[in-house]
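Participant: What follows is a predicted structure for the sequence shown.
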Amino acid sequence: MGSINKQTSLEEKKTVLHDKGLTKKLRICTLAVGSALACVLIALSVININQVVENSKKGYSIMVNDYPVAIVANAEDAQKAVEGYISEQNKAVEQEVYVSQRLDITEDKLTEEQTEFQTVDEAKALLAARVTPIVNASAIMVNGKKQVTVGSKEVADSVLERVKNHYVPNDSTLEVLDVKFRNKVEVASAWASVKEVETADEAANYLVNGTNDTIATHKIVEGENAWAIAIHYGVSTAELAAANPDIDLEKLKIDQKINLVSSKPMIEVVTVLQKVSVNTIPYKTVYATDRSAPAGSQTVTQKGQNGKEEVTLQLVRVNGNEVNRSRLNTVVLEAAVDKKVTKGAAVTVASRSGGSGELLWPTSAKRISSYYGSRSRGFHTGIDIDGNYGNSVWAADSGTVTFTGWSGGYGYCVLISHGNGMVTRYAHLSSISVSTGSSVSAGQTVGRMGSSGNSTGSHLHFEVIVNGCTRNPLGYL
């Protein structure tokens, strides 16, 4: 046994004689093998000096908790197998490895069933199948629950930093103010088997995606769309959208990669960002009334011009998804200039020689309460002339009366055809003075102002219809 590897640190060597010097037992207790602290107990079995053992069958068994796992030709090979196995485990995890079981090297011999000794490599392989190497590792805890185990606190800290950086956007327009965990995150010392210890890449991927595997992706080719991709992989378009929150699935590009499944992060990262941007301030349109200008006319007295403002926003995101946006500051760089428009409001009684030279103003009342065109209740097909109940209503031009009577929402009304495809309508009357088929002259009374039909007050609804389509009456009066 004097040939045992001298690099092995020995805490105890004892030689004890038994049976009146007829037997001997040598125990070597090893607390550190190479860089590891492992206890190896080498016990030489009792040798009866009167016992005859065939030299060709004499060897040494490597025992794990008193169970023989390999037999080699000599004690040196046994020691090499144990030390070599421990050394390989050290290198695999780049730190000291401990063995939880008791390892013994005992003098033994081959049996009829086992006729050959194992080599050092074979013995190491057999040890690997029976021994559970453990390390003093570091566990990353999230809200008190262990999520991953890595080799050391330094590795754990680097993994957590990588998880934070995963959610820092690569955007030059954004300034990162803070990155922090929303959960309670701790790093705790923990004993773990070598198989439980994950690499930094595996641990970071698990914390971000909820799996040790890489998230499956698909590269877009020409002619593909989200619907076709979803059908091909047996998922819904909603699932694709959830897996790609930052991608517009309606605007996919060739060679763009999209995730096929959603990640399920095991940890929540809050990023606080600041964004400074220059925005357009749209100009406003301001209307004024000119009672000297014709009703219905509009004149732009000042052109509008957009302004500019510098806006500072704070964005809060959790795992890349925006949860809050607030405006921190606004600086006006260029003030917007209002567009100013003057609307004409003058109403005059027109004759065949005034206005457009076609129609007379159809009543004695002058004020227009609602103009032709779009309004909140829909499109207004004429003009409403506000007046008193019973005011005279006359024909705007000569023609033939084609309808008199009740007409739904128009109430009591009169239609007059003036030839050349032109028809005028007089609605919401309180009474009618002409009959269907009669001829009327321009200015002849056809009825009295009222509030019949869909009306909220006494007024005349006056329409001009040309070839079946309504026109703005102000263009003909």
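Facilitator: Good, I have the coordinates. Numbers count the residues shown, from 1 in each chain.
Participant: Enumerate every residue touching residue 132.
Facilitator: Applying C-beta atoms under 8 Å, 6 or more residues apart in numbering to residue 132 gives the contacts 99-101, 193. For the C-beta atoms, the positions are set from N, CA and C on the backbone; glycine is no exception.
Participant: Also residue 166?
Facilitator: Residue 166 sits next to 204, 208, 269 when contact means C-beta under 8 Å, 6+ apart.
Participant: Looks like the last one contacts residue 316 (just checking).
Facilitator: To tie it back to what came earlier, the one meant is residue 269. No: in this structure, residue 269 is not within contact of residue 316 by C-beta atoms under 8 Å, at 11.5 Å.
Participant: more crowded one of those two?
Facilitator: Looking at residue 269 and residue 316 with other C-beta atoms under 10 Å, you find the greater number of neighbours at residue 269, namely 24 against 15.
Participant: how about the strands in the stretch 51-200 of the chain?
Facilitator: With DSSP state E, counting those that start in this stretch, the ranges of strands along the stretch 51-200 of the chain come out as 58-64, 67-72, 98-99, 103-109, 133-142, 145-150, 174-181, 185-193.
Participant: still on that earlier bit, in a markdown table: the contacts of residue 166, plus secondary structure and pLDDT.
Facilitator: Formatted as a markdown table, these follow (DSSP: H, G, I helix; E, B strand; the rest coil; pLDDT from 0 to 100):
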| residue | secondary structure | pLDDT |
| --- | --- | --- |
| 204 | helix | 93 |
| 208 | helix | 89 |
| 269 | strand | 95 |
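Participant: Out of those, which is nearest to residue 151?
Facilitator: Minimum distance to residue 151 across the contacts of residue 166 is 13.7 Å, recorded for residue 204 (C-beta to C-beta).
Participant: That closest one: how many residues sit nearby?
Facilitator: The burial count for residue 204: 21, using other C-beta under 10 Å.
Participant: follow-up on the earlier one: between the contacts of residue 166, which is nearest residue 105?
Facilitator: Distances from residue 105 to the contacts of residue 166, taken by C-beta to C-beta, are shortest for residue 204, at 41.8 Å.
Participant: could you dump stretch 435-454 to PDB, C-alpha only?
Facilitator: Output of stretch 435-454 as PDB, limited to C-alpha atoms (Å, rounded to 0.1, in the frame of the first residue of the first chain):
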ATOM      1  CA  SER A 435    -105.100  72.000 -54.700                       C
ATOM      2  CA  THR A 436    -103.300  69.300 -56.700                       C
ATOM      3  CA  GLY A 437    -103.200  70.100 -60.400                       C
ATOM      4  CA  SER A 438    -103.700  73.800 -60.100                       C
ATOM      5  CA  SER A 439    -101.400  76.400 -61.700                       C
ATOM      6  CA  VAL A 440     -99.700  79.000 -59.500                       C
ATOM      7  CA  SER A 441     -97.800  82.100 -60.200                       C
ATOM      8  CA  ALA A 442     -94.600  83.200 -58.400                       C
ATOM      9  CA  GLY A 443     -95.500  84.800 -55.100                       C
ATOM     10  CA  GLN A 444     -98.900  83.200 -54.900                       C
ATOM     11  CA  THR A 445     -99.900  82.100 -51.400                       C
ATOM     12  CA  VAL A 446     -99.900  78.200 -51.200                       C
ATOM     13  CA  GLY A 447    -100.400  77.800 -47.400                       C
ATOM     14  CA  ARG A 448     -99.600  79.000 -43.900                       C
ATOM     15  CA  MET A 449     -96.600  78.300 -41.700                       C
ATOM     16  CA  GLY A 450     -97.100  75.700 -38.900                       C
ATOM     17  CA  SER A 451     -95.500  72.800 -37.100                       C
ATOM     18  CA  SER A 452     -97.100  69.700 -38.500                       C
ATOM     19  CA  GLY A 453     -95.200  66.400 -38.900                       C
ATOM     20  CA  ASN A 454     -91.800  66.000 -37.300                       C
END
